[in-house]
Every structure is written in structure tokens, then in C-alpha cells.
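Asker: Only the shape, not the letters, is given here:
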């Protein structure tokens with residue numbers, strides 16, 4: 001017997017056509033550099049995106065060619081998300097927070113032919129322009145200023161293109177659509193290439209009720225950068241469902257985000273813990289001062305990820321009737337691989353149990369297999385205690401890196417992706433990440449989780465942020481050092497923080513021997529704590 005189902009190739013073009021025909025009146029809102037708001041409809045978006053694809057073909061862009069973007073979150077970047085693959089090319093998002101040397105290396109490694117960038121990012125482009133020569137540089141006049149004639153004007157290209165006469169090139173569902181480079185703090189960045197098939201499947205999973213839960217009635221605020229892991233894939237889901245989207249542009253300070261949420265209240269927002277942390281602290285301080293400037297959208301759903309979400313942060317938002325949903329994944333997993341959604345029985349549990357579960361990485365999403373592999377090469381039991389490395393596989397998990405040989409430190413012998421995250425899995429299938437393999441602290445032969453320590457320290461009322469690193473110790477091999485940022489006007493001593501940890505279940509030997517009070521925790525290009533920099537600062541002292 002054979003299946004009777006049609007063999008129709010999966011394609012992002014199907015999402016674009018759907019949005020243009022079924023949701024033509026829905027709004028796309030972008031915040032401009034001057035903080036004003038610009039509104040487009042999906043009908044306009046559809047024609048502009050097809051015009052972009054037509055313009056790229058006129059420039060000689062062929063199937064499989066790489067077209068880079070260096071842009072903030074806005075409508076033109078969304079046009080690139082669909083217009084570049086519609087032309088048969090591959091969108092390569094450049095992370096504008098990387099150094100010029102890194103940007104030059106990545107653009108050269110990907111062999112990018114074209115660059116589309118915001119005019120306000122031209123000074124950054126100038127710093128790596130000599131490191132990789134693009135054939136065409138297209139400037140989007142984000143600020144409204146005239147475009148220097150040495151560059152191509154994005155708006156002029158679209159105006160001169162033929163969206164009605166454009167025809168999609170024939171492609172397979174396995175053909176590439178976009179690529180992102182990993183942002184690790186060790187070694188050279190490596191490229192991950194996504195396909196029509198992987199992106200469509202990831203979008204369908206993401207739109208499920210226990211992940212983004214996207215509907216056409218939603219208003220989505222993606223604070224996660226479109227230049228990092230494709231903004232967690234949400235732009236594809238928004239276009240597929242025809243939801244309203246509100247782009248924050250370059251304005252990511254807590255006051256700016258709170259202003260935008262008050263003007264355009266989202267039903268779903270997405271961001272990283274560090275930004276959400278400063279936002280709730282700013283909001284709570286305003287409430288204490290009896291300010292009426294902002295309103296947090298009551299009942300807003302919010303997915304937070306990119307690094308471990310402290311339980312204290314989840315509790316802080318819950319006080320305002322906003323539930324933070326923790327997502328776990330990485331560039332290599334498209335990226336959503338697990339979500340800490342509240343299973344039915346958890347909703348009936350007490351608050352402590354609900355918050356404990358919410359602070360975990362969550363359960364695997366559909367189509368993703370997760371195993372915890374011990375140092376002995378065995379699958380760890382689902383007991384919530386046995387620690388091992390998270391390994392994953394699935395139809396939208398990368399099986400290699402762009403032009404890099406497959407090695408055993410990145411992929412297991414049977415092809416599973418080795419994530420480098422250390423975790424346990426309990427009998428309910430919840431993954432709890434204890435650390436990155438490189439961040440675990442081994443003291444006197446016993447492992448100490450830096451993540452557990454950080455979350456507990458950040459639950460102290462005087463602490464804004466905390467990062468814990470390992471430092472060499474002649475007796476114990478390694479000992480934990482806590483780098484702590486205090487809230488404005490608050491004080492705390494190392495002894496007080498140590499007592500706080502012991503009162504929250506830590507043994508004395510697990511408590512950091514040293515506490516360094518710092519002004520800010522250094523961050524990587526994706527907003528994660530940059531522990532390598534902290535080790536350079538303090539390990540030798």
C-alpha cells in the first residue's frame with residue numbers, strides 16, 4: 001500500500017501568498033529611529049516583498065546566493081525574511097552586536113554577494129567594509145535621510161521592480177532559505193543553514209498552543225533580535241497566521257519598551273531575561289513612585305529565553321498577571337526545542353511547584369527528541385537527579401555546520417547534536433539545565449551549578465544581576481566566585497548573600513568564597529552573561 005497524499009513541497013512562499021491574500025488589511029507597525037510609528041498593511045507588505053525578490057533577480061542574484069542583512073527589527077527586515085528566499089537566494093542575518101572583525105569574517109565565510117542594511121548602521125558597516133567586498137550594498141533609509149549615491153537605495157529598487165510580473169523560481173523543500181552563525185565565546189563562529197522544510201515545520205510547531213500559541217487576533221512584540229536565530233522563528237509564524245506585529249526598531253531600553261507596550265499593547269512578547277529583568281525593575285520603581293506613565297498589558301503572554309530565566313523574574317511578572325514562558329534552544333535547533341509550559345496537573349499545584357517548573361527549560365516540543373547522555377555514554381534516567389549533556393535530533397535540528405567537517409565534540413556517533421548544556425530530566429519530562437559544560441564548577445571532586453547559584457542570588461531583594469564563575473583553588477581545584485550587581489540604592493554584604501544561599505538550601509561548601517560587586521555584568525552579542533570576560537577579570541586575582 002502507498003499513501004494517497006499529494007507530494008507538495010513545503011515552501012515559505014506559501015506563507016507569503018497566504019498573508020497577502022487572506023490578511024491584506026492586518027497591520028505591521030515599525031518604530032523608527034525618531035521613535036515615531038510607521039504602519040503598513042499585509043497587502044502592502046506582500047507587494048513590497050515580491051518587489052524585493054524581483055529587484056534581487058534583476059541584480060543578478062541566483063539560486064543559492066547569499067544576501068546579508070544588517071538591520072534592526074522593522075518592516076523592511078521582515079520583507080527580507082521572505083523576499084530573499086522568494087528570489088531563490090539565502091538570507092544571512094549579520095549580528096550587529098559583533099565586532100567589525102567578526103562581521104567581516106562571517107560575511108566572507110558565507111560568501112555574501114549583497115548586503116541590505118539600515119542607514120543608521122552605515123558607521124558599523126564602514127568598520128568592516130574592507131574585510132569583505134559585497135557586489136552590491138543596498139541601504140534602507142530607516143531614518144528617512146537621503147541615501148548616499150554610492151549605495152543602492154532600497155526604496156528606489158522596490159519602486160522600480162515588478163511585483164506583479166515576478167514569478168517564484170522552482171525549488172525543493174530541502175533548498176536553503178536562511179543562515180545564521182553561532183555566537184559562541186570560544187573559537188570561530190560557525191554557520192547553520194535552514195531550509196524551506198525545516199523552517200515550515202519549526203513554524204508549525206511554534207504556532208502550537210503550548211509554544212507561541214499564535215492566532216490572527218494576536219498582537220506580537222518581538223524584542224528578540226531578527227539578527228539572532230531568526231528572532232526565534234516568530235516572524236515566520238506571524239506572517240503565517242496573519243497576526244499584527246509591532247517592531248521596536250533600535251529602541252530596546254526598558255523605558256522605550258514600556259512606552260511601546262503602553263501605546264501598542266501586545267498579547268505576546270518575546271525577549272531575553274536580561275532585558276525583561278531591567279524592564280520589570282523599571283516598571284516596579286515607577287509604580288512605587290506612583291507614576292502613571294506606563295501600563296503593563298494584563299494577561300500578556302511572554303516567551304523568554306536565550307539564557308536561564310530566574311524564578312525570581314517569573315514571580316515578579318506574575319504579580320502583574322503576566323506569565324513568563326521559558327523557551328530553550330539554540331541557533332542549531334532553529335531554535336525552539338523545549339518549552340516550560342504548564343501541563344494540566346501543574347495548574348492545580350501550589351504556587352511554589354508552578355514557579356519551580358516554570359524556571360526549568362521545559363519539555364521537548366513536537367518533532368524534537370531530547371536525551372540526557374551521561375559521561376559514561378548512557379542515557380540518564382528520568383529521575384530529576386542524574387546529570388548529563390543534552391543531545392537533540394529532529395527535522396529542524398542541524399546535522400552539520402556550513403563548510404565545517406562533522407566532529408565528535410559537536411555530534412554524537414549516531415548523529416545527535418551535542419548541545420554543551422548539562423541538565424537533568426524528571427519523570428514528567430521536564431529538562432532542568434544545571435550549566436554549560438564549560439561553566440560547571442568542580443570543587444573537591446563535587447560539581448557545583450553556577451546557574452543554580454545565580455538564580456538563588458538574584459532572588460535576594462537587593463540584587464539586580466549575578467553571574468558565578470569558577471576560579472582556580474590550590475586545595476579544592478576550583479571554587480565559585482559571585483559577580484553581583486546591586487539594585488540602585490540597595491546594599492548587601494558577602495556574608496548576607498552567603499546566609500541567603502544557605503537559607504535557600506545550599507550547603508556551606510557550595511557557597512562562593514568570594515563576592516565581587518560590579519557595576520554591570522558584561523554580555524555577549526546575544527545578551528548572555530559573558531563569563532569569559534569575568535574569568536579574565538577575576539581568575540588571576
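Answerer: That came through, no problem. Please read these numbers as outputs of a predicted model, since none were measured by experiment. Numbering: from 1, shown residues only.

Asker: Contact partners for residue 511?
Answerer: Shown in contact with residue 511 (CB atoms under 8 Å, 6 or more residues apart in numbering): 480, 498, 501, 502. Bear in mind the C-beta positions are built from the backbone N, C-alpha and C, glycine included.

Asker: possible to save the residues you listed as JSON lines with neighbour count and pLDDT?
Answerer: JSON lines is the format used below for the contacts of residue 511 (neighbours: other CB atoms under 10 Å; pLDDT from 0 to 100):
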{"residue": "480", "neighbour count": "23", "pLDDT": "94"}
{"residue": "498", "neighbour count": "18", "pLDDT": "94"}
{"residue": "501", "neighbour count": "22", "pLDDT": "95"}
{"residue": "502", "neighbour count": "13", "pLDDT": "92"}
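
Asker: which of those lies closest to residue 158?
Answerer: Nearest to residue 158 out of those is residue 480 (CB to CB; 54.4 Å).

Asker: Checking the closest one next. Helix, strand or coil?
Answerer: Assigned by DSSP: H, G, I helix; E, B strand; the rest coil, the conformation of residue 480 is strand.

Asker: is it in a bridge, and if so with what?
Answerer: For residue 480, the beta-bridge partners are residue 470 (DSSP bridges).

Asker: how near is it to residue 514?
Answerer: 8 Å (CB to CB, to the nearest Å).

Asker: go on, residue 275?
Answerer: From residue 275 to residue 514 the distance is 28 Å (CB to CB).

Asker: Please say which of these two ends up with more neighbours.
Answerer: Neighbour comparison, residue 275 and residue 514: the larger count goes to residue 275, with 18 against 13 (by other CB atoms under 10 Å).

Asker: returning to that earlier point: quick check: neighbours shared by residue 480 and residue 514?
Answerer: residue 471.

Asker: quick one: low-confidence parts of this structure?
Answerer: By pLDDT under 70, the weakly predicted segments of the chain are 183-187, 540-541.

Asker: how is it carved up into domains?
Answerer: 12-189, 253-342+349-436, 441-538 (automatic domain parsing).

Asker: Let's have those domains in JSON lines, adding distance to residue 247.
Answerer: As requested, those are exported to JSON lines (distance: least, CB to CB, whole Å):
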{"stretch": "domain 12-189", "distance to residue 247": "4"}
{"stretch": "domain 253-342+349-436", "distance to residue 247": "9"}
{"stretch": "domain 441-538", "distance to residue 247": "18"}
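
Asker: which stretch among those domains comes nearest residue 235?
Answerer: domain 12-189 (5.2 Å).

Asker: Over to that closest one now: how far is its first residue from its last?
Answerer: 27 Å (CA to CA, to the nearest Å).

Asker: what's the closest of the domains of the chain to residue 241?
Answerer: Between residue 241 and those, the shortest gap by CB to CB is with domain 12-189, which sits at 8.3 Å.

Asker: How far off centre is the closest one?
Answerer: Taking the mean of its C-alpha atoms, domain 12-189 sits 19 Å from the chain's own mean (CA atoms, centre = their mean, to the nearest Å).

Asker: Stretch 517-528 too?
Answerer: 16 Å.

Asker: picking that back up, so for residue 213, which of the domains of the chain sits nearest?
Answerer: domain 253-342+349-436 (6.6 Å).

Asker: gap between the two ends of that closest one?
Answerer: Domain 253-342+349-436: ends 28 Å apart by CA to CA.
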